[in-house]
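Asks: Quick one: sequence plus predicted model below, questions after.
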Amino acid sequence: MSQLRVEKVQELMKQEISEIILRELKDPRIGFVTVTSVECTGDLREAKIYVSLMGDGKDAKECWAGLMSSLGFIRREIGKRIRLRFTPELTFARDKSLDYSARIQELLLKVQKEAEEKEGQSV
């Protein structure tokens, strides 16, 4: 299958899954979830959905459990919304890049603050 078609389907799935999570899921455990990317196999039989979860450890675990329990519903909705011969088998994966970038930002601000304090003391 052409790579261009796979990329288009991935982007469409990302948009649709984001919409489903935002508007259709009624699970109270699911809080602030961001779909960062979707990777499909070349034959579009399997799709890995990368999500970023906001919140502390307990909230993130509950949110993750809610997402895992809603996989069947999300797959059914994707089958209705995207007309493919086969609806892909979906799996979720945590995308920790946003957590990592937030930690880097925090460290940079800490270093900058320390540098300003040293400069203020030496004057």
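Replies: Yes, it's here. Numbering: from 1, shown residues only.
Asks: The residue nearest the centre of the chain in helix, strand or coil?
Replies: Closest to where the C-alpha atoms of the chain average out (CA atoms, centre = their mean) is Val51, at 1.6 Å. Here Val51 takes the strand state, with states given by DSSP: H, G, I helix; E, B strand; the rest coil.
Asks: so it sits right up against Thr36, yeah?
Replies: Yes: at 6.7 Å, Val51 counts as touching Thr36 under the criterion of CB atoms under 8 Å. The way it works is simple: take the backbone N, C-alpha and C, and place the C-beta from them, glycine included.
Asks: quick revisit: what's opposite the residue nearest to the centre of the chain in the beta bridge?
Replies: With DSSP bridges applied, Val51 shows beta-bridge pairing to Val35, Arg94.
Asks: Could I get the contacting residues of it?
Replies: Each residue near Val51 by CB atoms under 8 Å, 6 or more residues apart in numbering is listed here: Val33, Thr34, Val35, Thr36, Leu67, Phe92, Ala93, Arg94, Asp95.
Asks: Could you check how far it is from Phe32?
Replies: 10 Å (CB to CB, to the nearest Å).
Asks: all helices for this structure, in order.
Replies: For the chain, the helices defined by DSSP state H cover 3-19, 57-69, 71-81, 97-122.
Asks: Give me the angle between the last one and helix 57-69.
Replies: Here helix 97-122 runs at an angle of 160 degrees relative to helix 57-69 (axes from the mean of the first three to the mean of the last three CA atoms, to 10 degrees).
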